[in-house]
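In: here is my input, please return the structure:
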Amino acid sequence: MTIIELKKMMMKAKKEDKVKANALMMLVDTAQKIAKENNEEVSEKHIIEAAKKLSKMAKESIEAGMEEAKKELAVYEEFLPKMLNEEDTKKVILEIIDEIGSKNIGEIMKKLKSRGDIDLSLASRIIKEI
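Out: Numbering: from 1, shown residues only. This next block holds a predicted model:
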């Protein structure tokens, strides 16, 4: 997904769904800010990072009782990579432990962060169980 495609989606959504349009506008803006901070052109990496950041905020808003944030969260989740389930996450963790020969949480988490398809809070819990 490019920033141009994202902007086209936003323009189309303005005619159909104001909540989706606003969520996409926030996504475009946040991705552009992240890219600018790194002195880079906006790429899919920035869009995913922005979606992670905004979905976290939307989840916090939902917990605070703001029901309309559920629609926003659904929009942001479309741009996130699919996360591995608990079983697959455990397999990946065990492979990393074998690879590095250590159960050091910091080292394992560092390897997991670079993947992007693992829920880090779930991974942390699994590592502690191991």
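
In: only C-alpha atoms from now on, for both contacts and neighbour counts.
Out: Will do.

In: show me how this structure divides into domains.
Out: For the chain, the structural domains run 3-77, 86-129, going by automatic domain parsing.

In: out of those domains, deepest packed?
Out: domain 3-77 (a mean of 17; mean count of other C-alpha atoms under 10 Å).

In: please compute how far that one lies from its chain's middle.
Out: 11 Å (C-alpha atoms, centre = their mean, to the nearest Å).

In: ok, now stretch 120-130?
Out: Taking mean C-alpha positions (C-alpha atoms, centre = their mean), stretch 120-130 and its chain are 18 Å apart.

In: separation between the residue nearest to A23 when sequence neighbours are not counted and L6?
Out: In space, A23 comes closest to E72 once its chain neighbours are excluded; the distance is 5.5 Å by C-alpha to C-alpha, 6 or more residues apart in numbering. According to C-alpha to C-alpha, to the nearest Å, E72 and L6 sit 15 Å apart.

In: gap between the residue nearest to the spatial centre of the chain and I127?
Out: The centroid of the chain falls nearest to K52 when counting by C-alpha atoms, centre = their mean (2.8 Å). Distance from K52 to I127, counting by C-alpha to C-alpha: 22 Å.

In: which residues sit against stretch 26-46?
Out: Contacts with stretch 26-46, where a contact means C-alpha atoms under 8 Å, 6 or more residues apart in numbering, come from M1, T2, I3, L6, K7, I47, E49, A50, A51, L54, Y76.

In: meant to ask about stretch 113-127, not that
Out: Stretch 113-127 is contacted from outside by P81, K82, M83, L84, E86, T89, K90, I93, K103, I105, M109, L112, using C-alpha under 8 Å, 6+ apart.
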